[in-house]
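[1] Sequence first, predicted coordinates after that:
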Amino acid sequence: MALTLTTDERTELEQRMRSRTIRSEDARRARVILLLADGASYSSIEQALPCYRDYINRWRRRFLAKRLNGLQSRHHSQPPSVLTAEMEARILERTRLKPPDGSTHWSTRKLARLLKINHNHVASAWRRAGLQPHRFERYMQSDDPDFERKAADVIGLYVNPPQHAVVFAVDEKTAIQALDRLDPVLPLSPGRAERHGFEYYRHGTLSLFAALNTQTGEVVGQTVPRHTSDAFVDFLTAVVAGAPRAQEIHVILDNLATHKTQAVRTFLVLHPTVRLHFTPTYSSWLNQIELWFAKIERDLLARGIFTSVTDLARRIRTYIRHYNKAAKPIRWSYRNVAHRIGSTSAYTGH
């Protein structure tokens with residue numbers, strides 16, 4: 001049975017249906033009543049909107065009972081809350097305190113429940129303040145009494161290297177495991193990440209010596225069964241052999257015992273153009289080769305599957321060869337020239 005509308009009712013319903021400022025649900029109800037008034041069947045209305053028959057019946061009954069007023073929702077939502085400066089201050093102040101439930105950090109919903117506000121306000125306040133309570137970083141304080149002099153020496157080689165000299169950042173990555181998965185790898189597919197089995201087989205380990213040319217970004221690498229002083233001297237010999245003749249060679253490295261043996265001292269006597277520069281204790285962040293080690297770990301070692309130690313060594317050599325084709329130096333710069341050299345946050349590698 002078709003509905004009968006007055007001229008004013010039809011005009012109002014048509015305005016609601018065409019309006020771009022009212023809620024879409026209000027426009028949808030107006031369209032249902034207009035279609036019923038035009039004699040449309042329930043089936044055609046269900047296809048046109050789309051909607052269910054119960055939805056059409058509900059709003060038809062309410063319109064017949066209260067006309068246009070019957071199309072208003074019976075459940076009015078609360079007015080949206082606003083993140084005020086006072087609320088933001090409360091959020092930031094409470095964020096710096098420990099949660100009362102004994103957990104180590106806040107989540108947006110946990111703090112929102114405590115403050116009785118919407119969790120989106122907490123997220124907005126944290127984002128504006130640069131706070132990320134779910135994250136943390138580790139650090140180690142250097143106990144080197146000569147920290148500033150050594151740090152200045154190393155950083156000077158990065159930002160103002162000596163003329164007609166080559167600067168290498170050198171270190172070793174030890175005990176790299178040749179892990180072979182026992183189960184087949186399930187490849188990447190839409191909506192699913194690559195999956196590896198939990199079980200694996202250890203074929204053995206090796207160590208990687210690497211030297212990063214800080215001016216070109218190229219890497220010299222050498223794999224060895226164990227990182228001994230003799231292996232380190234052999235690697236230094238290879239690095240020197242590949243460097244231009246008659247140029248000073250400056251080598252940045254850490255305080256590992258194998259770097260300070262008699263064999264190393266003998267090597268320095270035989271190669272007077274080579275100078276070693278030791279970073280302060282617990283200051284591996286000052287050695288640029290650590291950034292490259294992090295890269296090869298992400299690109300190859302963390303997810304790599306190796307059938308033997310020989311296979312692992314071959315894959316590392318292949319990676320280095322391809323890396324050197326497009327190598328770029330790391331830009332080492334002061335983030336704030338007012339900072340003292342003793343501050344670990346003063347320098348950034350890009």
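    Noted; the coordinates are in hand.

[2] Domains in this protein, by residue range?
    The chain breaks down by automatic domain parsing into domains covering 7-71, 85-129, 147-188+195-349.

[3] do you know which of those domains lies nearest residue 138?
    For those, the distance to residue 138 is smallest for domain 147-188+195-349, at 11.6 Å, taking Cβ to Cβ. The way it works is simple: take the backbone N, C-alpha and C, and place the C-beta from them, glycine included.

[4] about what we covered before: now tabulate the domains of the chain in a markdown table and tack on mean pLDDT, distance to residue 141 and mean neighbour count.
    Listed next are the domains of the chain as a markdown table, based on pLDDT from 0 to 100; distance: least, Cβ to Cβ, whole Å; neighbours: other Cβ atoms under 10 Å:
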| stretch | mean pLDDT | distance to residue 141 | mean neighbour count |
| --- | --- | --- | --- |
| domain 7-71 | 84 | 58 | 14 |
| domain 85-129 | 94 | 22 | 14 |
| domain 147-188+195-349 | 89 | 7 | 16 |
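
[5] Helices along the stretch 251-350 of the chain, start to end?
    For the stretch 251-350 of the chain, the helices defined by DSSP state H, counting those that start in this stretch cover 262-270, 289-296, 309-325.

[6] can you redo those helices as JSON lines with distance to residue 120?
    Listed next are the helices of the stretch 251-350 of the chain as JSON lines, based on distance: least, Cβ to Cβ, whole Å:
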{"stretch": "helix 262-270", "distance to residue 120": "59"}
{"stretch": "helix 289-296", "distance to residue 120": "35"}
{"stretch": "helix 309-325", "distance to residue 120": "43"}
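
[7] Looking at these, spot the one closest to residue 216.
    When these are ranked by distance to residue 216, counting by Cβ to Cβ, first place goes to helix 309-325 at 8.8 Å.

[8] Let me know which of the domains of the chain is the nearest to residue 136.
    Closest to residue 136 of the domains of the chain is domain 85-129 (Cβ to Cβ; 7.9 Å).

[9] what about the domains of the chain, which gets the closest to residue 135?
    Nearest to residue 135 among the domains of the chain is domain 85-129 (8.8 Å), distances taken as Cβ to Cβ.

[10] ok, now which ones touch the spatially most central residue of the chain?
    Nearest to the geometric centre of the chain sits residue 135, at 11.1 Å (Cα atoms, centre = their mean). Not one residue lies near residue 135 by Cβ atoms under 8 Å, 6 or more residues apart in numbering.

[11] Recalculate using a threshold of 10 Å.
    Residues near residue 135 by Cβ atoms under 10 Å, 6 or more residues apart in numbering: residue 105.

[12] how much space between it and residue 18?
    49 Å (Cβ to Cβ, to the nearest Å).

[13] Helices of the stretch 101-250 of the chain, start to end?
    Assigned by DSSP H, counting those that start in this stretch, the stretch 101-250 of the chain shows helices spanning 108-115, 119-129, 147-159, 229-242.

[14] any residues touching the longest one, and which ones?
    Contact partners of helix 229-242, identified using Cβ under 10 Å, 6+ apart, comprise 166, 168, 170, 172, 207-211, 213, 218, 220-225, 227-228, 249, 251, 253, 256-264, 266-268, 270-271, 273-274, 276.

[15] From those, which land in strands?
    Counting by DSSP state E, these place 166, 168, 170, 172, 207-211, 213, 220-224, 249, 251, 253, 274, 276 in strands.

[16] related to what we said a few turns ago, which among the domains of the chain is found nearest to residue 140?
    domain 147-188+195-349 (4.5 Å).

[17] In terms of helices and strands, where is residue 63?
    helix 53-66 (DSSP states H and E).

[18] Quick check, residue 197 in contact with residue 181.
    Yes: the pair residue 197 / residue 181 is scored as a contact, 5.3 Å apart, by Cβ atoms under 10 Å.

[19] who does the strand or helix carrying residue 93 touch, helix- and strand-wise?
    Taking DSSP H and E as the definition, residue 93 sits inside helix 85-95. Contacts defined by 3 or more Cβ pairs under 10 Å, 6 or more residues apart in numbering; DSSP states H and E place helix 85-95 against helix 108-115, helix 119-129.
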